[in-house]
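> My questions are about this predicted structure, shown below with the sequence.
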Amino acid sequence: MIPQRIKPGIVLAVAGLLASAAVGAAWWPHAYRAGAVIAAQEDPARLSDLQIAVLLKSDSALVARQIEEALAAGDPDLAESFVALAREHRVALDAALVQRVSDAVAAEKAPTAVAMRFATGLVTGQADDVASLSGTVAGDLFVFGDIRDAVREGKHLVMGEETDRLVLGLATAGLAVTAATYVSAGGAAPVRAGLTLVKDARKVGRLGEGLAAWAGRSAREVVDAPLLQQAVASGSVLRPGETATAIRAAFRAEKAGALIRLGKDVGRITEKAGTRGALDSLKLAEGPKDVARAARLAEAKGGQTRAILKLLGRGALLLTAGAFNLALWLFGALMSLFGFVASLKATTERATQAWIDRGKRRRLRRMQAAAARPELVAPVACG
């Protein structure tokens with residue numbers, strides 16, 4: 001039973017205060033994480049760190065399983081990326097597992113294997129690692145690869161057949177960038193490598209649909225179709241100098257800014273995260289902004305990039321569907337804070353009012369007592 005001197009209003013206010021504090025304490029960790037994630041939405045490296053930390057906290061064996069899967073799939077580069085991620089987040093790994101990764105990476109980097117992949121990239125124009133990309137870029141720097149692709153797709157265009165305008169535009173842009181690479185003594189080489197990798201990703205179906213659609217529109221704008229038709233009508237890989245000059249004449253440099261920036265960003269990813277890291281990024285990207293974010297992630301995380309992309313997907317680059325849930329956590333925390341402040345205000349006001357009322361009652365009782373005994377105040381009055 002509540003004592004009569006404690007008003008029910010104060011009890012209710014205190015109860016509301018305690019309830020708001022309890023709810024706020026329960027919501028605070030989630031709200032704090034939500035706020036941190038939302039604040040980091042423009043920083044891919046910080047955003048990925050926050051999300052990876054949550055995953056590893058809930059599943060300590062996650063990295064070890066991913067390494068085993070990567071080794072089983074014959075991808076030691078990805079396994080090595082997970083080892084780097086574990087080291088960064090201080091996740092303990094079995095020494096034997098780490099040694100298996102080191103052995104697999106060493107075998108992949110053996111001179112014979114590297115030479116074979118280089119030759120494959122040079123001949124086929126398809127790359128999935130550093131060695132094969134080096135061969136592909138070498139073919140493009142000697143204009144063989146770009147001429148081959150431009151002549152093939154250009155003849156499809158002339159004949160009215162189905163044409164991959166993205167490969168055509170990238171090959172045409174690549175010829176122009178190759179010339180700039182020679183003039184700048186290699187200064188444009190990262191862009192050259194980036195364009196080659198985008199072209200290769202398109203050929204093997206590892207270009208995200210959104211990015212492919214955007215790049216296709218951009219590539220269409222950089223090619224002067226009538227000039228290109230004239231160039232490929234008489235062009236041949238057997239006359240690379242003449243053919244390259246004729247195809248470059250069909251290149252609209254003033255329209256190629258966005259495509260060149262894409263090649264530059266892909267080159268940055270390749271430099272920091274490797275060819276496969278760049279291919280993984282191109283597969284996830286829905287547009288050039290995603291590629292630019294992936295480049296920032298690769299520059300910050302280096303060898304961890306592939307592991308991060310494998311675990312988080314596009315969530316490593318930007319906030320996805322979880323943004324609404326994060327906002328709900330923040331809203332709930334704000335509401336509990338509002339309830340706490342309101343309850344505190346009510347408690348303070350009611351307690352203060354109760355104290356004032358109590359003082360008034362005391363003074364009233366004293367006055368009533370004095371009125372009932374006039375002899376106590378008579379001497380004072382006579383004096």
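On my side now, so go ahead.

> what's the helix or strand harbouring Asp49 packed up against?
For Asp49, the host element (DSSP states H and E) is helix 44-58. Here helix 44-58 touches helix 8-39, helix 62-72, helix 288-301, helix 305-312, going by 3 or more C-beta pairs under 8 Å, 6 or more residues apart in numbering; DSSP states H and E. To be clear about C-beta, it is placed using only N, CA and C from the backbone, and glycine gets the same treatment.

> how close does the residue nearest to Ala92 when sequence neighbours are not counted sit to Lys310?
Spatial nearest neighbour of Ala92, chain neighbours left out: Ala86 (7.8 Å); criterion: C-beta to C-beta, 6 or more residues apart in numbering. Noted for Ala86: a distance of 13 Å to Lys310, by C-beta to C-beta, to the nearest Å.

> Pick out whichever of the two has more residues nearby.
Counted by other C-beta atoms under 10 Å, Ala86 and Lys310 do not tie: Ala86 has more neighbours, with 22 against 18.

> got the phi/psi numbers for the more buried one?
Backbone geometry at Ala86, expressed as degrees, to the nearest 10, gives phi -60, psi -40.

> got it, and the one 4 residues further on?
Its backbone dihedrals place Arg90 at phi 60, psi 50, with angles given as degrees, to the nearest 10.

> can you pull the contacts of it?
Counting by C-beta atoms under 8 Å, 6 or more residues apart in numbering, Arg90 makes contact with nothing.

> Check what pLDDT it gets.
Looking at Arg90, its pLDDT stands at 91.

> Same question for Glu221.
Taking Glu221 on its own, its pLDDT is 79.

> again with Asp49
Per-residue pLDDT puts Asp49 at 88.

> Burial check on Leu12, number of neighbours?
14.

> Revised request: answer the last question for Glu271.
Glu271 - counted by other C-beta under 10 Å - has 17 other residues nearby.

> again, but for Arg220
As a burial measure, Arg220 scores 14 neighbours (other C-beta under 10 Å).

> Just give the closest residue to it, not the sequence neighbours.
Using C-beta to C-beta, 6+ apart and skipping the chain neighbours, the partner closest in space to Arg220 is Arg165 (5.2 Å).

> Show the contacting residues for that neighbour.
Applying C-beta under 8 Å, 6+ apart, the residues near Arg165 are 153, 157, 216, 219-220, 223.

> among the residues you listed, which two are most distant?
Taking C-beta to C-beta as the measure, those span a maximum distance of 13.6 Å, between Leu157 and Gly216.

> in stretch 342-362, what counts as buried?
Neighbour counts over stretch 342-362 (16 or more other C-beta atoms under 10 Å) mark 343-344, 346-347, 350-351 as buried.

> repeat for stretch 57-67
Residues of stretch 57-67 classed as buried under the neighbour-count rule (16+ other C-beta under 10 Å) are 62-64, 66-67.

> cool, stretch 256-265 as well?
The neighbour-count check on stretch 256-265 (16+ other C-beta under 10 Å) flags 256, 259-265 as buried.

> neighbouring contacts of that stretch?
169-170, 173, 176-177, 190-195, 198, 215, 218-219, 222, 288, 291-292, 294-295.

> Now, these that are in strands?
Among the contacts of stretch 256-265, no residue falls in strands (DSSP state E).
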